[in-house]
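> pasted the sequence and its predicted model underneath.
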Amino acid sequence: MEALASSIRIILSSPPGFMESSPKCLVLRSASRDASSSCLGLKQRQTLKKTSSFNGVLQKADRKNLGFECRCDASETENYVEMKKTSGSSARRKRLAVFVSGGGSNFRSIHEAIKGKLVHGDISVLVTDKPGLQSFHVPTVASMMKKSSSEIVEYISSQLLGEIIAVGIKVGCGGAEYARDNQIPVVVYPHLKSSSDGVSTSDLIAILRKCEVDFILLAGFLKLIPVELVREYPKSIVNIHPSLLPAFGGKGFYGLKVHKANSTCRYSGPTIHFVDENYDTGRTLAQRVVPVLADDSVEDLAARVLEQEHKLYVEVVSALCDDRIVWREDGVPLIRSKENPEKLY
Ligand SMILES: Nc1nc2c(c(=O)[nH]1)N[C@@H](CN(C=O)c1ccc(C(=O)N[C@@H](CCC(=O)O)C(=O)O)cc1)CN2
Ligand SMILES: NCC(=O)N[C@@H]1O[C@H](COP(=O)([O-])[O-])[C@@H](O)[C@H]1O
(Lines give C-alpha, C1' and ligand atoms only; values in the text may rest on other atoms or scores of the structure.)
(Ligands and ions follow the chains in the order given, each with its own letter.)
Protein backbone atom coordinates (compact mmCIF):
# COMPACT_ATOMS: atom_id res chain seq x y z
CA MET A 1 0.00 0.00 0.00
CA GLU A 2 2.84 2.37 0.81
CA ALA A 3 4.23 1.83 -2.70
CA LEU A 4 0.89 2.88 -4.16
CA ALA A 5 0.66 5.88 -1.84
CA SER A 6 4.17 6.94 -2.77
CA SER A 7 3.33 6.95 -6.46
CA ILE A 8 0.01 8.75 -6.23
CA ARG A 9 -0.50 12.24 -4.87
CA ILE A 10 -3.99 13.62 -4.32
CA ILE A 11 -4.86 17.08 -5.51
CA LEU A 12 -8.26 18.16 -4.19
CA SER A 13 -8.71 20.80 -6.85
CA SER A 14 -9.03 21.10 -10.61
CA PRO A 15 -5.64 22.12 -12.01
CA PRO A 16 -5.80 24.70 -14.82
CA GLY A 17 -7.09 23.32 -18.10
CA PHE A 18 -8.74 20.46 -16.26
CA MET A 19 -12.46 19.96 -16.36
CA GLU A 20 -14.48 21.26 -13.41
CA SER A 21 -14.66 18.64 -10.73
CA SER A 22 -17.67 17.90 -8.57
CA PRO A 23 -17.17 18.03 -4.77
CA LYS A 24 -16.73 14.27 -4.80
CA CYS A 25 -14.23 14.35 -7.63
CA LEU A 26 -10.59 13.92 -6.74
CA VAL A 27 -7.68 14.43 -9.05
CA LEU A 28 -4.94 11.97 -8.29
CA ARG A 29 -1.63 12.74 -9.92
CA SER A 30 0.43 9.64 -10.39
CA ALA A 31 4.14 10.25 -10.54
CA SER A 32 4.68 6.80 -11.92
CA ARG A 33 6.18 6.65 -15.41
CA ASP A 34 6.67 3.25 -16.92
CA ALA A 35 9.49 2.57 -19.35
CA SER A 36 7.29 2.69 -22.41
CA SER A 37 6.18 6.17 -21.54
CA SER A 38 9.50 7.58 -20.41
CA CYS A 39 10.34 9.00 -23.83
CA LEU A 40 6.90 10.55 -24.04
CA GLY A 41 7.03 12.23 -20.67
CA LEU A 42 3.69 10.60 -19.99
CA LYS A 43 2.06 11.74 -16.76
CA GLN A 44 -1.04 10.11 -15.39
CA ARG A 45 -3.75 11.79 -13.44
CA GLN A 46 -6.56 9.81 -11.95
CA THR A 47 -9.94 11.36 -11.56
CA LEU A 48 -12.79 9.96 -9.58
CA LYS A 49 -16.18 11.00 -10.78
CA LYS A 50 -19.40 10.38 -8.89
CA THR A 51 -21.50 10.58 -12.02
CA SER A 52 -22.10 7.91 -14.60
CA SER A 53 -22.10 10.58 -17.30
CA PHE A 54 -18.33 10.69 -17.10
CA ASN A 55 -17.91 10.36 -20.84
CA GLY A 56 -20.53 13.07 -21.35
CA VAL A 57 -18.40 15.44 -19.30
CA LEU A 58 -15.34 14.40 -21.32
CA GLN A 59 -17.11 15.04 -24.59
CA LYS A 60 -18.24 18.46 -23.40
CA ALA A 61 -14.68 19.25 -22.32
CA ASP A 62 -13.32 18.12 -25.65
CA ARG A 63 -16.00 19.89 -27.67
CA LYS A 64 -14.44 23.10 -26.39
CA ASN A 65 -11.42 22.31 -28.53
CA LEU A 66 -13.54 22.42 -31.64
CA GLY A 67 -15.12 25.72 -30.74
CA PHE A 68 -12.00 27.47 -29.47
CA GLU A 69 -11.07 30.92 -30.70
CA CYS A 70 -7.65 30.99 -32.37
CA ARG A 71 -5.07 32.73 -30.27
CA CYS A 72 -4.01 36.21 -31.31
CA ASP A 73 -1.37 37.58 -28.98
CA ALA A 74 -1.55 41.22 -27.94
CA SER A 75 2.20 41.08 -28.50
CA GLU A 76 1.49 40.00 -32.06
CA THR A 77 -0.40 43.23 -32.74
CA GLU A 78 2.38 45.25 -31.17
CA ASN A 79 5.04 43.38 -33.19
CA TYR A 80 2.96 43.78 -36.33
CA VAL A 81 3.21 47.56 -35.94
CA GLU A 82 6.95 47.18 -35.29
CA MET A 83 7.39 45.15 -38.48
CA LYS A 84 5.37 47.65 -40.51
CA LYS A 85 7.63 50.45 -39.25
CA THR A 86 10.88 48.62 -40.04
CA SER A 87 10.10 46.63 -43.14
CA GLY A 88 7.45 48.94 -44.63
CA SER A 89 5.70 45.80 -45.85
CA SER A 90 2.32 44.64 -44.70
CA ALA A 91 3.76 41.16 -43.95
CA ARG A 92 2.25 39.90 -40.71
CA ARG A 93 4.06 37.68 -38.21
CA LYS A 94 4.01 34.03 -39.17
CA ARG A 95 1.55 31.77 -37.36
CA LEU A 96 2.68 28.36 -36.19
CA ALA A 97 1.02 25.09 -35.28
CA VAL A 98 3.13 22.70 -33.19
CA PHE A 99 2.39 18.96 -33.11
CA VAL A 100 3.56 16.96 -30.08
CA SER A 101 3.04 13.54 -28.53
CA GLY A 102 5.29 13.71 -25.50
CA GLY A 103 7.14 15.98 -23.10
CA GLY A 104 7.19 18.91 -25.51
CA SER A 105 10.65 20.28 -24.67
CA ASN A 106 11.20 21.37 -28.29
CA PHE A 107 7.79 23.05 -28.23
CA ARG A 108 8.71 24.81 -24.98
CA SER A 109 12.08 26.00 -26.30
CA ILE A 110 10.41 27.45 -29.40
CA HIS A 111 7.77 29.18 -27.28
CA GLU A 112 10.45 30.58 -24.97
CA ALA A 113 12.40 31.84 -27.99
CA ILE A 114 9.24 33.61 -29.17
CA LYS A 115 8.78 35.21 -25.76
CA GLY A 116 12.46 36.19 -25.85
CA LYS A 117 11.93 37.80 -29.27
CA LEU A 118 14.45 35.45 -30.89
CA VAL A 119 11.71 34.11 -33.14
CA HIS A 120 9.32 36.54 -34.87
CA GLY A 121 6.29 34.31 -35.02
CA ASP A 122 3.46 33.11 -32.82
CA ILE A 123 2.16 29.69 -31.84
CA SER A 124 -1.55 29.70 -32.66
CA VAL A 125 -2.41 26.12 -31.77
CA LEU A 126 -0.93 22.98 -30.26
CA VAL A 127 -1.95 19.66 -31.77
CA THR A 128 -1.48 16.39 -29.90
CA ASP A 129 -2.56 12.77 -30.35
CA LYS A 130 -2.81 12.34 -26.60
CA PRO A 131 -6.46 12.79 -25.57
CA GLY A 132 -7.63 14.71 -22.56
CA LEU A 133 -9.43 12.80 -19.87
CA GLN A 134 -10.35 9.19 -20.47
CA SER A 135 -12.48 7.00 -18.22
CA PHE A 136 -11.30 3.50 -17.45
CA HIS A 137 -12.71 0.69 -15.36
CA VAL A 138 -10.89 0.03 -12.14
CA PRO A 139 -9.35 -3.26 -13.42
CA THR A 140 -7.86 -1.36 -16.36
CA VAL A 141 -6.37 1.23 -14.04
CA ALA A 142 -5.08 -1.61 -11.86
CA SER A 143 -3.27 -3.18 -14.79
CA MET A 144 -1.87 0.22 -15.86
CA MET A 145 -0.57 0.73 -12.32
CA LYS A 146 0.53 -2.92 -12.05
CA LYS A 147 -1.61 -3.34 -8.92
CA SER A 148 -4.66 -5.45 -8.09
CA SER A 149 -8.13 -3.94 -8.43
CA SER A 150 -8.72 -4.43 -4.71
CA GLU A 151 -5.52 -2.50 -3.92
CA ILE A 152 -6.67 0.39 -6.14
CA VAL A 153 -10.18 0.41 -4.63
CA GLU A 154 -8.92 -0.02 -1.07
CA TYR A 155 -6.35 2.77 -1.39
CA ILE A 156 -8.61 5.29 -3.08
CA SER A 157 -11.56 4.47 -0.80
CA SER A 158 -9.31 5.23 2.14
CA GLN A 159 -8.75 8.69 0.69
CA LEU A 160 -12.26 9.38 -0.58
CA LEU A 161 -15.19 11.27 0.81
CA GLY A 162 -17.64 8.85 -0.86
CA GLU A 163 -17.67 5.59 -2.78
CA ILE A 164 -16.11 4.97 -6.17
CA ILE A 165 -18.21 4.88 -9.33
CA ALA A 166 -15.48 5.12 -11.95
CA VAL A 167 -11.82 5.96 -12.13
CA GLY A 168 -10.44 8.08 -14.92
CA ILE A 169 -6.86 8.48 -16.02
CA LYS A 170 -5.68 11.59 -17.80
CA VAL A 171 -3.31 10.21 -20.41
CA GLY A 172 -1.90 13.49 -21.56
CA CYS A 173 1.52 14.79 -22.36
CA GLY A 174 3.78 17.51 -21.08
CA GLY A 175 3.42 19.51 -24.27
CA ALA A 176 -0.37 19.74 -23.93
CA GLU A 177 -0.08 20.74 -20.28
CA TYR A 178 2.44 23.46 -21.13
CA ALA A 179 0.09 24.75 -23.84
CA ARG A 180 -2.86 24.88 -21.45
CA ASP A 181 -0.72 26.66 -18.85
CA ASN A 182 0.22 29.23 -21.52
CA GLN A 183 -3.31 29.73 -22.92
CA ILE A 184 -2.41 28.08 -26.24
CA PRO A 185 -5.43 26.24 -27.69
CA VAL A 186 -5.02 22.46 -27.79
CA VAL A 187 -6.54 20.23 -30.46
CA VAL A 188 -6.54 16.43 -30.20
CA TYR A 189 -5.66 14.79 -33.51
CA PRO A 190 -6.15 12.26 -35.02
CA HIS A 191 -9.67 11.13 -34.14
CA LEU A 192 -9.40 8.18 -31.77
CA LYS A 193 -11.58 5.17 -32.63
CA SER A 194 -11.47 4.16 -28.96
CA SER A 195 -13.30 7.24 -27.79
CA SER A 196 -14.96 10.47 -28.85
CA ASP A 197 -11.68 12.37 -28.66
CA GLY A 198 -9.95 13.97 -31.55
CA VAL A 199 -10.79 15.63 -34.83
CA SER A 200 -10.67 14.31 -38.38
CA THR A 201 -8.02 15.41 -40.86
CA SER A 202 -10.54 17.63 -42.68
CA ASP A 203 -11.59 19.23 -39.37
CA LEU A 204 -7.95 19.79 -38.48
CA ILE A 205 -7.27 21.46 -41.82
CA ALA A 206 -10.30 23.71 -41.25
CA ILE A 207 -8.99 24.66 -37.80
CA LEU A 208 -5.49 25.36 -39.13
CA ARG A 209 -6.95 27.53 -41.92
CA LYS A 210 -9.21 29.32 -39.42
CA CYS A 211 -6.07 30.09 -37.39
CA GLU A 212 -4.31 31.20 -40.59
CA VAL A 213 -1.40 28.88 -39.73
CA ASP A 214 1.62 29.40 -42.01
CA PHE A 215 3.89 26.61 -40.80
CA ILE A 216 3.41 23.28 -39.04
CA LEU A 217 6.21 22.17 -36.72
CA LEU A 218 6.32 18.49 -35.75
CA ALA A 219 8.12 18.16 -32.42
CA GLY A 220 8.01 14.58 -31.18
CA PHE A 221 4.69 13.88 -32.90
CA LEU A 222 4.45 10.13 -33.37
CA LYS A 223 1.70 9.71 -35.96
CA LEU A 224 2.03 9.76 -39.74
CA ILE A 225 0.85 13.07 -41.22
CA PRO A 226 -1.59 12.07 -43.95
CA VAL A 227 -0.97 13.05 -47.55
CA GLU A 228 -4.05 15.37 -47.49
CA LEU A 229 -2.39 17.55 -44.87
CA VAL A 230 1.02 17.33 -46.55
CA ARG A 231 -0.54 18.57 -49.81
CA GLU A 232 -2.48 21.29 -47.99
CA TYR A 233 0.79 22.73 -46.61
CA PRO A 234 3.45 22.29 -49.33
CA LYS A 235 7.00 23.19 -48.20
CA SER A 236 5.42 24.32 -44.92
CA ILE A 237 5.64 21.32 -42.60
CA VAL A 238 8.92 20.52 -40.86
CA ASN A 239 9.88 17.76 -38.46
CA ILE A 240 12.76 17.22 -36.09
CA HIS A 241 14.30 13.76 -35.92
CA PRO A 242 16.99 12.75 -33.41
CA SER A 243 19.51 11.25 -35.83
CA LEU A 244 21.52 12.28 -38.88
CA LEU A 245 19.01 11.20 -41.53
CA PRO A 246 18.85 9.16 -43.61
CA ALA A 247 20.45 7.05 -40.89
CA PHE A 248 18.06 5.53 -38.36
CA GLY A 249 14.87 7.02 -39.75
CA GLY A 250 11.53 5.69 -40.89
CA LYS A 251 8.76 3.62 -39.34
CA GLY A 252 9.70 2.30 -35.90
CA PHE A 253 12.47 4.87 -35.40
CA TYR A 254 11.28 7.28 -32.70
CA GLY A 255 12.31 8.32 -29.21
CA LEU A 256 14.92 6.19 -27.46
CA LYS A 257 14.75 3.55 -30.18
CA VAL A 258 16.62 5.95 -32.47
CA HIS A 259 19.39 6.55 -29.94
CA LYS A 260 19.72 2.85 -29.16
CA ALA A 261 20.27 2.13 -32.86
CA ASN A 262 22.64 5.09 -33.22
CA SER A 263 24.76 4.06 -30.21
CA THR A 264 26.79 1.77 -32.50
CA CYS A 265 28.13 4.82 -34.37
CA ARG A 266 30.63 7.57 -33.53
CA TYR A 267 28.41 10.52 -34.38
CA SER A 268 24.77 11.44 -34.12
CA GLY A 269 22.74 14.62 -34.10
CA PRO A 270 19.36 16.15 -34.94
CA THR A 271 17.95 16.58 -38.42
CA ILE A 272 15.21 19.04 -39.33
CA HIS A 273 13.54 18.20 -42.61
CA PHE A 274 10.51 19.11 -44.63
CA VAL A 275 7.75 16.57 -44.36
CA ASP A 276 6.48 14.49 -47.24
CA GLU A 277 3.99 11.64 -47.12
CA ASN A 278 6.46 9.11 -45.72
CA TYR A 279 8.31 9.03 -42.41
CA ASP A 280 11.62 10.97 -42.51
CA THR A 281 12.10 11.05 -46.29
CA GLY A 282 11.49 14.75 -46.87
CA ARG A 283 14.21 17.26 -47.90
CA THR A 284 16.78 17.88 -45.15
CA LEU A 285 16.96 21.53 -44.11
CA ALA A 286 19.35 21.53 -41.15
CA GLN A 287 21.52 19.17 -39.12
CA ARG A 288 23.93 19.35 -36.21
CA VAL A 289 26.55 16.75 -35.27
CA VAL A 290 27.31 15.49 -31.78
CA PRO A 291 29.81 12.78 -30.78
CA VAL A 292 28.75 9.38 -29.50
CA LEU A 293 31.09 8.68 -26.57
CA ALA A 294 32.41 5.22 -25.72
CA ASP A 295 30.73 5.17 -22.31
CA ASP A 296 27.46 6.78 -23.37
CA SER A 297 24.25 5.25 -22.14
CA VAL A 298 21.28 5.57 -24.49
CA GLU A 299 19.95 8.29 -22.21
CA ASP A 300 23.31 10.16 -22.28
CA LEU A 301 23.21 10.24 -26.06
CA ALA A 302 19.53 11.24 -26.12
CA ALA A 303 20.23 14.17 -23.80
CA ARG A 304 23.21 15.37 -25.87
CA VAL A 305 21.17 15.24 -29.08
CA LEU A 306 18.14 16.88 -27.45
CA GLU A 307 20.24 19.82 -26.27
CA GLN A 308 21.22 20.48 -29.89
CA GLU A 309 17.63 19.92 -31.07
CA HIS A 310 16.43 22.82 -28.98
CA LYS A 311 19.04 25.16 -30.47
CA LEU A 312 18.61 23.93 -34.03
CA TYR A 313 14.81 24.12 -34.02
CA VAL A 314 14.84 27.70 -32.73
CA GLU A 315 17.32 28.61 -35.50
CA VAL A 316 15.15 26.96 -38.16
CA VAL A 317 11.84 28.42 -36.92
CA SER A 318 13.45 31.85 -36.82
CA ALA A 319 14.45 31.42 -40.47
CA LEU A 320 10.96 30.21 -41.41
CA CYS A 321 9.34 33.20 -39.72
CA ASP A 322 11.80 35.63 -41.38
CA ASP A 323 11.21 34.13 -44.85
CA ARG A 324 14.90 33.13 -44.94
CA ILE A 325 14.40 29.72 -46.57
CA VAL A 326 15.80 29.54 -50.13
CA TRP A 327 15.00 26.61 -52.43
CA ARG A 328 17.94 25.82 -54.71
CA GLU A 329 17.15 24.90 -58.33
CA ASP A 330 17.79 21.22 -57.58
CA GLY A 331 15.13 21.31 -54.87
CA VAL A 332 17.46 21.53 -51.89
CA PRO A 333 16.22 23.94 -49.19
CA LEU A 334 18.83 26.29 -47.68
CA ILE A 335 18.80 28.87 -44.90
CA ARG A 336 19.83 32.48 -45.57
CA SER A 337 22.09 33.63 -42.75
CA LYS A 338 20.52 36.27 -40.51
CA GLU A 339 23.88 37.94 -39.88
CA ASN A 340 25.18 37.75 -43.47
CA PRO A 341 22.32 37.69 -46.01
CA GLU A 342 24.81 36.82 -48.77
CA LYS A 343 25.52 33.51 -47.04
CA LEU A 344 23.33 30.41 -47.56
CA TYR A 345 23.83 27.21 -45.56
N1 LIG B 1 4.10 12.22 -43.28
C2 LIG B 1 4.98 12.28 -42.26
N3 LIG B 1 4.52 12.17 -40.99
C4 LIG B 1 5.41 12.23 -39.96
C5 LIG B 1 6.79 12.34 -40.20
C6 LIG B 1 7.24 12.43 -41.56
O7 LIG B 1 8.45 12.58 -41.83
N8 LIG B 1 6.30 12.40 -42.54
N9 LIG B 1 7.70 12.34 -39.14
C10 LIG B 1 7.18 11.77 -37.90
C11 LIG B 1 8.12 11.86 -36.76
N12 LIG B 1 8.97 10.66 -36.79
C13 LIG B 1 10.30 10.79 -37.05
O14 LIG B 1 10.88 11.88 -37.10
C15 LIG B 1 8.40 9.39 -36.59
C16 LIG B 1 7.35 9.26 -35.69
C17 LIG B 1 6.78 8.01 -35.47
C18 LIG B 1 7.26 6.88 -36.15
C19 LIG B 1 6.61 5.56 -35.93
O20 LIG B 1 7.15 4.53 -36.30
N21 LIG B 1 5.41 5.59 -35.30
C22 LIG B 1 4.70 4.33 -34.96
C23 LIG B 1 3.54 4.65 -34.00
C24 LIG B 1 4.12 5.14 -32.66
C25 LIG B 1 3.00 5.47 -31.66
O26 LIG B 1 1.85 5.72 -32.08
O27 LIG B 1 3.32 5.48 -30.46
C28 LIG B 1 4.11 3.70 -36.22
O29 LIG B 1 3.75 4.43 -37.17
O30 LIG B 1 3.96 2.48 -36.15
C31 LIG B 1 8.32 7.00 -37.01
C32 LIG B 1 8.91 8.25 -37.24
C33 LIG B 1 5.82 12.35 -37.55
N34 LIG B 1 4.94 12.17 -38.69
N1 LIG C 1 11.03 10.21 -34.94
C2 LIG C 1 10.47 11.25 -34.15
C3 LIG C 1 11.23 11.44 -32.87
O4 LIG C 1 11.79 10.48 -32.34
N5 LIG C 1 11.24 12.66 -32.39
C6 LIG C 1 11.95 12.96 -31.18
O7 LIG C 1 11.06 12.91 -30.08
C8 LIG C 1 11.61 13.75 -29.05
C9 LIG C 1 10.52 14.65 -28.57
O10 LIG C 1 10.99 15.33 -27.44
P11 LIG C 1 10.15 16.59 -26.87
O12 LIG C 1 8.71 16.11 -26.81
O13 LIG C 1 10.78 16.83 -25.54
O14 LIG C 1 10.35 17.72 -27.84
C15 LIG C 1 12.75 14.56 -29.70
O16 LIG C 1 14.01 14.00 -29.35
C17 LIG C 1 12.51 14.36 -31.17
O18 LIG C 1 13.69 14.41 -31.96
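Here it is on my side, so go on. Ligands and ions are numbered 1, 2, ... in the order given.

> ok, residue 232 to residue 259 distance?
Going from residue 232 to residue 259 by CB to CB, to the nearest Å gives 32 Å. To be clear about C-beta, it is placed using only N, CA and C from the backbone, and glycine gets the same treatment.

> ok, those two, which is more surrounded?
For residue 232 versus residue 259, neighbours defined as other CB atoms under 10 Å are more numerous around residue 259 (26 against 17).

> doesn't that one fall inside a strand?
No. Counting by DSSP: H, G, I helix; E, B strand; the rest coil, one finds residue 259 to be helix, located in no strand.

> any idea how many residues pack against the residue of the chain found nearest ligand 2?
Closest to ligand 2 within the chain is residue 220: 2.6 Å, counting by CB to the nearest ligand atom. Neighbour count for residue 220, taken as other CB under 10 Å: 29.

> ok, now residue 288?
Neighbour count of residue 288, defined by other CB under 10 Å: 17.

> kindly provide the distance from it to residue 309.
For residue 288 relative to residue 309 (CB to CB), the value is 8 Å.

> list the residues that contact both of the two?
Residues touching both residue 288 and residue 309 comprise residue 270, with contact defined as CB atoms under 8 Å, 6 or more residues apart in numbering.

> enumerate the residues of the chain near ligand 2.
100, 102-106, 175, 219-220, 240-242, 253-255, 258, 306, 309 (CB under 6 Å from any ligand atom).

> go again with 8 Å.
Residues of the chain lying close to ligand 2 by CB under 8 Å from any ligand atom are 39-41, 100-108, 173-175, 218-222, 239-242, 249, 253-255, 257-258, 270, 279-280, 302, 305-306, 309.

> where does pLDDT dip in this protein?
Flagging of the chain using pLDDT under 70 yields the residue ranges 1-69, 71-90, 131-136, 144, 159-172.

> now the helices for it?
Under the criterion DSSP state H, helices of the chain are mapped to 2-7, 35-38, 54-67, 74-87, 105-115, 138-144, 149-159, 174-181, 201-210, 227-232, 256-262, 298-321.

> ok, residue 322 to ligand 1 distance?
From residue 322 over to ligand 1 the distance is 24 Å, taken as CB to the nearest ligand atom, to the nearest Å.

> and what of residue 339?
Per CB to the nearest ligand atom, residue 339 is found 29 Å from ligand 1.

> just residue 148 next, same as before
Look at residue 148 and ligand 1: by CB to the nearest ligand atom, they are 28 Å apart.

> was I right to think that residue contacts residue 142?
Yes. At 5.8 Å, residue 148 counts as touching residue 142 under the criterion of CB atoms under 8 Å.

> show me which of the two is the more surrounded one.
residue 142 (18 against 13).

> what's the closest non-adjacent residue to that one?
In space, and not counting its chain neighbours, residue 142 is closest to residue 149: 4.4 Å by CB to CB, 6 or more residues apart in numbering.

> do residue 320 as well
residue 215 is the one closest to residue 320 (CB to CB, 6+ apart), at 5.2 Å.

> and that neighbour, what are its bridge partners?
residue 96 (DSSP bridges).

> can you check residue 326 too?
With DSSP bridges as the rule, residue 326 is bridged to residue 334.

> list the contacts of it.
Residue 326 neighbours (CB under 8 Å, 6+ apart): 333, 334, 335, 336, 344.

> from residue 278, how far off is the first one?
Put plainly, it is residue 333. Using CB to CB, residue 333 is found at 17 Å from residue 278.

> who's more crowded, those two?
Neighbour count, other CB under 10 Å: between residue 333 and residue 278, residue 333 has more, with 20 against 14.

> isn't that one up against residue 319?
No. With contacts counted by CB under 8 Å, residue 333 stays clear of residue 319, the gap being 9.8 Å.

> what residues are shared contacts of these two?
Overlap of the contact sets of residue 333 and residue 319 (by CB under 8 Å, 6+ apart) consists of residue 325.

> shouldn't residue 287 be in contact with residue 267?
No. Counting by CB under 8 Å, residue 287 does not reach residue 267; the two are 10.5 Å apart.

> out of those two, which sits in the more crowded spot?
The residue with more neighbours, out of residue 287 and residue 267, is residue 287; 16 against 12, by other CB under 10 Å.

> for residue 306, which residues are in contact?
Counting by CB under 8 Å, 6+ apart, residue 306 makes contact with 105, 242.

> quick one: it from ligand 1, how far?
Note on residue 306: its distance to ligand 1, by CB to the nearest ligand atom, is 13 Å.

> kind regards, and thank you for your time.
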